[in-house]
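The following block contains a protein sequence and its predicted model.
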Amino acid sequence: MKAKSRHRSTVNDLCTVMEEVAPTWAAADWDNVGLLVGHKTWPVRRVLLCIDLTAAVLDEATRGRFDVILAYHPPIFRPVKRMTPDRSEQEGLAAAALSSRIAIYSPHTALDAAPGGTNDTLAAMAGLRDVIPFEAAGSPMRDCKLVVFVPEAQADGVAEAVFEAGAGRIGDYERCSYRLRGQGTFWGMEGANPTVGRKGRLERVDEMRLEVIFPQRRLVDVAAAVRRSHPYEEPAFDIYPLEKSPDGRIGQGRIGYFSRPPSLRMLASSLAKKTRAANVTIVGKPGQKVRRGLVCVGAAGSLPFEIPGKPCGAGDVILTGEIRHHDALRYQRAGAAAIALGHWASERPVLTSLAARLRRAIPRLSAVVSRKDCDPFGPV
């Protein structure tokens, strides 16, 4: 989708785009995603993207006059009892950002689950094909269909009003509608003030049946847009809930296959170069061939064993950020290999493509990747 260009862009525009890119409903239940600091009405011209909000990143945002910090990891995670600008604590950095009127948005596991997100980015770097999530996530939010009857001359005006309210988007297309000509009837009773015809007799009016799809969360806005824009005193419209089929592209983790099975050493070396990871470790024999990749940025833990019908085993390689000792032993027992790129290094590559998506979606937006965001681990 693309934000409208006729008004000054706001934090709300950024939130709307991010909801399309990485829907918050797809995040893990334990996560804290979305707009964490700031107000949706604040203007936005410059967005700084990072993995972690640190003091150095906050200073970069302040000096560069950024309006929003898009921090992949949520700086507010645990219950907060006080908000003071103590830069030694994550919550304190969030408070300092608020005092400088800098908003903070965090996508975290919503971006992991999303198409083109962190896991898809790493899977593409590894050269995997036929990539699917570990398990597809179904949306808890249903779409709805609006059916409204309006005189043909005013149909475009009503359509534009509901489009502005968030209706008419299907995939990569906007302003989608279906229109059918027909005839409506009414009998205006005492007290009625009809826009067309007269009360006290049966009137027949040529009308257009206008149908549009909209997300359930926009229900109040769409209904208000109909009433505001419709020429009739009592507009006739229906709203139908639609069952939403699961999006097979959305879900945690990714599974894919190598066209030409590489050796573990070759794959680890390639990924280290592409991600610029400074500390890469492997589980398994460097020369063994791998045929299937299981991608889970950050930390995979036991997830590779929980994939319905496809748990990891011989010929598999887990591509992740960090691996605990006992998880590594479990991978060995299953005959699987693993590559740990470092938690930060496995997630960082998505920021470049995410910045480009934001620039395309919001006119005149400057979205840049932080230069001060860095891996807390380094070589000796």
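Received, thanks.

Name the nearest residue to residue 235, ignoring sequence neighbours.
Leaving aside its chain neighbours, residue 235 sits nearest to residue 226 (5.8 Å; criterion: CB to CB, 6 or more residues apart in numbering). Any C-beta I mention is one placed from the backbone N, CA and C, and that applies to glycine too.

What backbone torsions are found at the one you found?
Dihedral angles of residue 226 (phi, psi; degrees, to the nearest 10) stand at phi -60, psi -50.

mind checking pLDDT for it?
At residue 226, the model reports a pLDDT of 96.

Show me where the stretch 51-200 of the chain dips below the pLDDT cut-off.
138-141, 191, 194-197, 199-200 (pLDDT under 70).

separation between residue 46 and residue 64?
Per CB to CB, to the nearest Å, residue 46 is found 7 Å from residue 64.

got it, and residue 155?
47 Å.

The two: which is more packed in?
Neighbours were counted for residue 155 and for residue 64 using other CB atoms under 10 Å; residue 155 has more, 19 against 13.

Residue 208 is in contact with that one, correct?
Yes - if you go by CB atoms under 8 Å, residue 155 and residue 208 touch, sitting 4.2 Å apart.

what's near enough to touch residue 349?
118, 121, 122, 125, 274, 275 (CB atoms under 8 Å, 6 or more residues apart in numbering).

ok so residue 110 is a helix residue?
Yes - under DSSP: H, G, I helix; E, B strand; the rest coil, residue 110 falls within a helix.

Count the neighbours of it for me.
Using other CB under 10 Å, the number of residues around residue 110 comes to 23.

quick one: it and residue 26 touch, right?
Yes - here residue 110 reaches residue 26: they are 5.1 Å apart, a contact under CB under 8 Å.

Help me confirm that residue 204 is found in a helix?
No - counting by three-state DSSP, residue 204 is located in no helix; its state is strand.

how close does it sit to residue 93?
66 Å.

of these two, who's got more company?
The residue with more neighbours, out of residue 204 and residue 93, is residue 93; 25 against 10, by other CB under 10 Å.

Was I right to think that one contacts residue 53?
Yes - counting by CB under 8 Å, residue 53 is a contact partner of residue 93 at 5.3 Å.

Give the intersection of the neighbour lists for these two.
residue 75.

and the closest residue to residue 45 other than its chain neighbours, how many neighbours?
Closest residue in space to residue 45, ignoring its immediate chain neighbours: residue 67 at 5.9 Å, by CB to CB, 6+ apart. The number of residues packed near residue 67 is 22, by other CB under 10 Å.

What of residue 66?
When neighbours are counted by other CB under 10 Å, residue 66 registers 26.

Tell me which helix or strand it sits in.
Using DSSP states H and E, residue 66 maps to neither a helix nor a strand.

do the same with residue 181
Short version, using DSSP H and E: residue 181 is in strand 178-187.

just the strands in the stretch 201-350 of the chain please.
Under the criterion DSSP state E, counting those that start in this stretch, the stretch 201-350 of the chain carries strands at the ranges 202-215, 236-242, 254-258, 281-283, 292-299, 316-322, 337-340.

List the contacts of the first one.
Pointing back at strand 202-215 there. 141, 143-152, 155, 158-159, 162-163, 165-170, 176-188, 194, 196-197, 222, 242.

is it true that residue 57 touches residue 50?
Yes - using CB under 8 Å, residue 57 makes contact with residue 50 at a distance of 5.0 Å.

returning to that earlier point: got the strands of the stretch 201-350 of the chain as TSV, with mean pLDDT columns?
Listed next are the strands of the stretch 201-350 of the chain as TSV, based on pLDDT from 0 to 100:
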stretch	mean pLDDT
strand 202-215	90
strand 236-242	91
strand 254-258	97
strand 281-283	97
strand 292-299	96
strand 316-322	97
strand 337-340	97
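
To residue 102, which of these lies closest?
Nearest of those to residue 102, taken as CB to CB: strand 292-299 at 25.2 Å.

what helices or strands is the closest one leaning on?
helix 118-126, strand 128-132, strand 254-258, strand 316-322, helix 343-347 (3 or more CB pairs under 8 Å, 6 or more residues apart in numbering; DSSP states H and E).

Which one, of the ones you listed, ends up nearest to residue 101?
Of all the helices and strands packed on strand 292-299, helix 343-347 comes closest under CB to CB, at 27.4 Å.

who are the neighbours of the closest one, in terms of helices and strands?
helix 118-126, strand 292-299, strand 316-322.

centre of the chain versus the second one, how much separation?
Going back to what we said before, that points to strand 292-299. 19 Å (CA atoms, centre = their mean, to the nearest Å).

what's the angle between that strand and strand 128-132?
Here strand 292-299 runs at an angle of 70 degrees relative to strand 128-132 (axes from the mean of the first three to the mean of the last three CA atoms, to 10 degrees).

Could you do the last one as well?
In terms of direction (the same axes, to 10 degrees), strand 316-322 departs from strand 128-132 by 80 degrees.

Can you check what angle separates strand 316-322 from strand 254-258?
Going by the same axes, to 10 degrees, strand 316-322 makes 130 degrees with strand 254-258.

Okay, now the sheet partners of strand 316-322, with direction.
Strand pairing for strand 316-322, using DSSP bridges, gives strand 292-299 (parallel), strand 337-340 (parallel).

can you list contacts of it?
Under CB under 8 Å, 6+ apart, the answer for strand 316-322 is 122-123, 126, 264, 267, 271, 283-284, 290-300, 304, 312, 331, 336-347.

switch to 7 Å and redo it
Counting contacts by CB atoms under 7 Å, 6 or more residues apart in numbering, the residues outside strand 316-322 that touch it are 122, 126, 264, 267, 290, 292-300, 304, 312, 331, 336-343, 345-347.

Nearest to residue 352 among the strands of the stretch 201-350 of the chain would be which one?
Across the strands of the stretch 201-350 of the chain, closest to residue 352 is strand 292-299 (CB to CB), at 14.7 Å.

check contacts around the spatially most central residue of the chain.
By CA atoms, centre = their mean, the chain has its centre lying nearest to residue 22, at 0.9 Å. Applying CB under 7 Å, 6+ apart to residue 22 gives the contacts 107, 110, 111, 114, 117.
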